[in-house]
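1. Model the structure of this input:
(one chain, ligands or ions: 1)
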Amino acid sequence: MPPLSRPRRIVGVSLKMYFDVQSTLSYVRGVLQLDGDAWNARLDLFVIPDFVTLMESARILEPSSVWVGAQDTFWEDKGAYTGEVSPLVLRQAGARIVEIGHAERRATFGETDEWVAKKAGAAARNGLIPLVCIGERTHHSVASAAVGAAIQECKPQVTSVLAAVPDDAEVILAYEPVWAIGAAEPADADHVVNVTKELRKLAAGRAGVTRVLYGGSAGPGTFAKIAEGVDGLFLGRFAHDIHNLKKVIQEVGGA
Ligand SMILES: O=C[C@H](O)COP(=O)(O)O
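-> Down below sits the predicted model:
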């Protein structure tokens, strides 16, 4: 059987709630400056600011090929849902991608697999690409047991989402072991490769493109070690310095 072709690589960064308005817009302008580099022929790039600065960020990046994303969405398009943000409005505001089920939302706000799946379906229904974060909460000290335990915990997170999204819709899965988020270093490369290879199998046969990213203290130097299992990186703190983001883009794009 010929080897399966891999989808186009992709790099994204979430600003989480680290930045104020001016810092976000200044960062986004910095990303715009990267647009002329050769990377855009080789990979997709997205930036996820907070909701308040999303529209202005999208306006700044409109002339570029960089996608703007949202950090969450609600599962209904309209109605009496005070405080929630509609996927329809996100699309109209310029978002192309929406992050769903980040570990911080699951832990702090009690998001369940059921909610995450409904949100992913709503995103796809509105023409947004769901970027679904998955990952195990605890890290087994024995490497062989850690892979099996991670797959067991991640599997329902993935299957519930894939059941809620049309088969031909594009989906991005960000494998983020919870214990590796906000840490000093990313997860062990062998662990990431072994888990992501298995997770990828859950989406085999889908008509829509499914890309698998790694996130969790990733930065310059991370991608080469795990490229066998992933299509790119989902970055946090270590890409909040635009120079580091540029380095990662060069590494993932193979420049
Ligand atoms: O959203 C991004 C991930 O949670 C990774 O964040 P981090 O690189 O700061 O650990």
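
2. Now do the closest residue to the ligand within the chain: how many residues are near it, please.
-> Residue of the chain nearest the ligand, by Cβ to the nearest ligand atom: residue 236 (2.2 Å). Bear in mind the C-beta positions are built from the backbone N, C-alpha and C, glycine included. Residue 236: 20 surrounding residues under other Cβ atoms under 10 Å.

3. isn't it right next to residue 16, touching?
-> Yes: using Cβ atoms under 8 Å, residue 236 makes contact with residue 16 at a distance of 6.3 Å.

4. which other helices and strands contact the helix or strand hosting residue 26?
-> Per DSSP states H and E, residue 26 falls inside helix 21-33. Here helix 21-33 touches strand 43-48, helix 51-61, helix 242-253, going by 3 or more Cβ pairs under 8 Å, 6 or more residues apart in numbering; DSSP states H and E.

5. relative to strand 43-48, how tilted is the longest one?
-> By that I understand helix 242-253. Relative orientation of helix 242-253 versus strand 43-48 (axes from the mean of the first three to the mean of the last three Cα atoms, to 10 degrees): 150 degrees.

6. do helix 242-253 and the ligand meet?
-> No: Helix 242-253 does not reach the ligand (Cβ under 6 Å from any ligand atom); its nearest approach is 10.7 Å.

7. Can you pull out the residues in contact with that helix?
-> Helix 242-253 is contacted from outside by 9, 11, 13, 27, 30-31, 34, 37-39, 42-43, 45, 218-224, 232-233, 235, 238-239, 255, using Cβ atoms under 8 Å, 6 or more residues apart in numbering.

8. follow-up on the earlier one: any chance of the helices and strands packed on helix 21-33 in TSV, plus distance to residue 101 and mean pLDDT?
-> Shown next, in TSV, are these (distance: least, Cβ to Cβ, whole Å; pLDDT from 0 to 100):
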stretch	distance to residue 101	mean pLDDT
strand 43-48	14	97
helix 51-61	17	98
helix 242-253	23	96
